[in-house]
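[1] sequence plus the predicted model coming up.
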Amino acid sequence: MASKEKRERIFSSYPIPKAVAALSVPSVLSSIVNVIYNMADTYFVSLMKNTNATAAVSLTMPVFLFFVAFGNIFGVGGSAYVSRSMGEGNKSKVKKISSFAVFSSIFSGALVLALILIFIKPLINMLGSTSDEVYDFAYGYLKYIALGGPVIVTSITAGNLVRGEGAAKESMTGMMIGTITNIILDPIMILSMDMGVAGAAIATVIGNFASVVYYAVYLMRGNSILSCNPRRFAVNDGIARNVIPIGIPAAINNLLMSFSNIILNNFIKDYGESAVAALGIAMKVNMLIAFVQMGIGVGIQPLIGYSYGAKNMRRLKKAMRFTMMCTVIIGTVLSALYIVFAPQIINVFNGEHNAEVTDYGVKILRALMISGPFLGIMFTYNFAFQGMGRSLPSLVISLGRQGLVFLPLLVIMSKYIGFDGIVFAQPVADLACVILAAAMFAIINAKIKKDPEYYPQS
């Protein structure tokens, strides 16, 4: 386990390629683990050879993203403020920040739990249920996911906080423990115990619980500057003011992913259950491209925050340039593989080998690959904004990618191009947001050059 001093040297003195590798490789592995986590349910449910069951898991993905959103409010916001405070040399505040984030995540998870259980029936209809059988499967899945809400939110928050202090390997280990637990339990609960879709949800909750236990042990061992002591909980001294505004754009990104998935499901359900199932499969498979590039951006966020807190813009920009180069190379390679092997990839999750599901899935997946090589540029800018404490540009990117740019494109393109318009709306929105992010960073950089004191106040 890395010492506190070594973790800080990664931020302050490691060569940029070595620092980016030390922080991003564990983060990318965590992202891949996260993708496996999300794919595991779909894969093992597909072995039931029931398209309605697969469609139900696809429909309920937005609700899981809702919990991820709350985890990001306190996890991403807390992580960015932790690293920035370390760069400023204000380590005493770090314990208050982490305690605030942990206990706020528990409370928010419990709140979402209550709301879902109260409104579960109209929620399933709103998600785009296409039949009574899909409704029943979705109900069983959502009920157990909701009950595990506080654990899911806390797991996401804790993983981000641990990464924020530079302990990228420990953050990755916690996620891997949860994923391995989930993958082991999925076939047992879904197939052997004949619990079906509900078994997938229970396995997911237990996996998140295992992660929370690991992070709690890590924090209490004393090799961390973080704290989960309720006595350290505080909302004053600028803590809530600096955590929540930075976390909200990350949360909005997840909420809008959830909302846009609901909208997509409702647009595409007119093409039948096969199209709904194919959309869910393609979106989950596409998560590998997005999450790997996002993982690189997430990995350097603490480095950006520390460099910004220390007012070392030269190191900050070098880290961003190197990171963008890495994401373009990786994104291009993965996108090419997805385009070439799209039918085989879709059929891994198409248990019945339904020809309609395959055809729809291939079209959707290949359309999504248009923006695959460039997604990492947008993520690097967005996580840099968060690390720098710049909530507004981060919010603009989040709102644009899944809302203000995407939704008008979806409506217009579906009207004039039909099915192709629905599936091409997201990659077009992504490319537009890459350009927007670059423009906003250029504006911030110009202001810093003009006024070296142009920094957010903690």
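    Okay, I see it.

[2] from here on, contacts and neighbour counts on C-alpha atoms
    Fine.

[3] state the phi and psi torsions of Ile422.
    Main-chain dihedrals, Ile422, degrees, to the nearest 10: phi -60, psi -50.

[4] correct me, but it touches Leu410?
    Yes: using Cα atoms under 8 Å, Ile422 makes contact with Leu410 at a distance of 5.7 Å.

[5] in the helix or strand where Ala158 lies, what counts as buried?
    Element membership of Ala158 [criterion: DSSP states H and E] is helix 149-164. Across helix 149-164, burial judged by 16 or more other Cα atoms under 10 Å covers 149-164.

[6] low pLDDT regions in the stretch 1-150 of the chain?
    1-7, 34, 37-38, 58, 128-130 (pLDDT under 70).

[7] one more time with 90
    The stretch 1-150 of the chain contains residues with pLDDT under 90 at 1-14, 19, 21-73, 75-99, 108-109, 111-113, 115-146, 149.

[8] the helices in it, which residues?
    Along the stretch 1-150 of the chain, the stretches classed as helices by DSSP state H, counting those that start in this stretch are 4-12, 16-46, 51-88, 92-118, 120-127, 132-147, 149-164.

[9] now the two most distant members of the buried residues of helix 149-164.
    The distance between the two most remote of the buried residues of helix 149-164 (Cα to Cα) is 22.8 Å, for Gly149 and Gly164.

[10] off-centre distance for the helix holding Ala158?
    Its chain's C-alpha centre and that of helix 149-164 lie 12 Å apart, by Cα atoms, centre = their mean, to the nearest Å.

[11] could you point out the helix or strand that follows that helix?
    Helix 149-164 is succeeded, C-terminally, by helix 168-187 (DSSP H and E).

[12] packing partners of that following helix?
    Under the contact criterion of 3 or more Cα pairs under 8 Å, 6 or more residues apart in numbering; DSSP states H and E, helix 168-187 touches helix 16-46, helix 149-164, helix 196-220.

[13] rounded mean pLDDT for it, please.
    For helix 168-187, mean pLDDT is 88.

[14] next one: it to chain centre, how far?
    16 Å.

[15] how far off helix 196-220 does it point, in degrees?
    Between helix 168-187 and helix 196-220, the angle comes out at 150 degrees (axes from the mean of the first three to the mean of the last three Cα atoms, to 10 degrees).

[16] which residues sit against helix 168-187?
    1, 22-24, 26-27, 29-30, 33-34, 36-37, 40-41, 44, 159-160, 162-163, 199-200, 203-204, 206-212, 214-215, 299 (Cα atoms under 8 Å, 6 or more residues apart in numbering).

[17] swap the cut-off to 7 Å and go again
    For helix 168-187, contacts defined as Cα atoms under 7 Å, 6 or more residues apart in numbering pick out 23, 26-27, 29-30, 33, 37, 40-41, 44, 159, 162-163, 199-200, 203-204, 206-208, 210-211, 214-215.

[18] how about it: buried residues?
    Buried residues in helix 168-187 (16+ other Cα under 10 Å): 168-183, 185-187.

[19] C-alpha coordinates for it, CSV please?
    This file holds the C-alpha atoms of helix 168-187, laid out as CSV (Å, rounded to 0.1, in the frame of the first residue of the first chain):
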residue,chain,number,x,y,z
ALA,A,168,-5.7,4.8,-7.4
LYS,A,169,-4.8,1.1,-6.8
GLU,A,170,-6.8,0.9,-3.6
SER,A,171,-9.8,2.6,-5.4
MET,A,172,-9.5,0.0,-8.2
THR,A,173,-9.2,-2.9,-5.7
GLY,A,174,-12.5,-1.9,-4.0
MET,A,175,-14.3,-1.9,-7.3
MET,A,176,-12.8,-5.2,-8.4
ILE,A,177,-13.9,-6.8,-5.2
GLY,A,178,-17.5,-5.7,-5.9
THR,A,179,-17.4,-6.8,-9.5
ILE,A,180,-15.9,-10.3,-8.8
THR,A,181,-18.5,-10.8,-6.1
ASN,A,182,-21.3,-9.8,-8.5
ILE,A,183,-20.0,-12.0,-11.3
ILE,A,184,-19.7,-15.0,-9.0
LEU,A,185,-23.2,-14.5,-7.7
ASP,A,186,-25.0,-13.7,-11.0
PRO,A,187,-25.1,-17.3,-12.5
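
[20] quick one: that helix to helix 149-164, angle?
    Orientation check (the same axes, to 10 degrees): helix 168-187 against helix 149-164 gives 150 degrees.

[21] quick one: helix 168-187 to helix 16-46, angle?
    Going by the same axes, to 10 degrees, helix 168-187 makes 10 degrees with helix 16-46.

[22] show the end-to-end separation of stretch 155-172, please.
    Criterion Cα to Cα, to the nearest Å; first-to-last residue distance in stretch 155-172 is 12 Å.

[23] starting at the chain centroid, how far to it?
    Worked out by Cα atoms, centre = their mean, stretch 155-172 lies 14 Å from the chain centre.

[24] Asn160 reaches Ser79, doesn't it?
    Yes: with contact defined as Cα atoms under 7 Å, Asn160 reaches Ser79; the gap is 5.8 Å.

[25] next up, the contacts around Ile246.
    Applying Cα under 7 Å, 6+ apart, we find Ile246 in contact with Gly77, Gln386, Gly389, Ser391.

[26] may I see those organised as a markdown table, with neighbour count and secondary structure added?
    Listed next are these as a markdown table, based on neighbours: other Cα atoms under 10 Å; DSSP: H, G, I helix; E, B strand; the rest coil:
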| residue | neighbour count | secondary structure |
| --- | --- | --- |
| Gly77 | 33 | helix |
| Gln386 | 30 | helix |
| Gly389 | 27 | coil |
| Ser391 | 22 | helix |
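
[27] between those residues, which sits nearest Gly71?
    Gly77 (9.5 Å).

[28] any idea how far Ala234 is from that closest one?
    Gly77 sits 15 Å away from Ala234, taking Cα to Cα as the criterion.

[29] and if you look at Lys91?
    To Ala234, Lys91 is 15 Å away according to Cα to Cα.

[30] and stretch 69-81, how far out from the chain's middle?
    The answer for stretch 69-81 is 11 Å, by Cα atoms, centre = their mean.

[31] just stretch 298-309 next, same as before
    18 Å.

[32] which elements pack onto the host helix or strand of Val357?
    Taking DSSP H and E as the definition, Val357 sits inside helix 355-368. Using 3 or more Cα pairs under 7 Å, 6 or more residues apart in numbering; DSSP states H and E, the elements in contact with helix 355-368 are helix 273-309, helix 342-348, helix 419-450.

[33] off-centre distance for it?
    23 Å.

[34] quick check: angle from the strand or helix carrying Ala240 to helix 51-88?
    Taking DSSP H and E as the criterion, Ala240 maps to helix 239-268. Interaxial angle, helix 239-268 versus helix 51-88 (the same axes, to 10 degrees): 160 degrees.

[35] pLDDT of helix 239-268, averaged?
    pLDDT averaged over helix 239-268 gives 78.

[36] so who does Pro150 touch?
    Pro150 neighbours (Cα under 7 Å, 6+ apart): Ile106, Gly109, Ala110.

[37] do Val35 as well
    Taking Cα under 7 Å, 6+ apart as the test, what Val35 contacts is Met287, Leu288.
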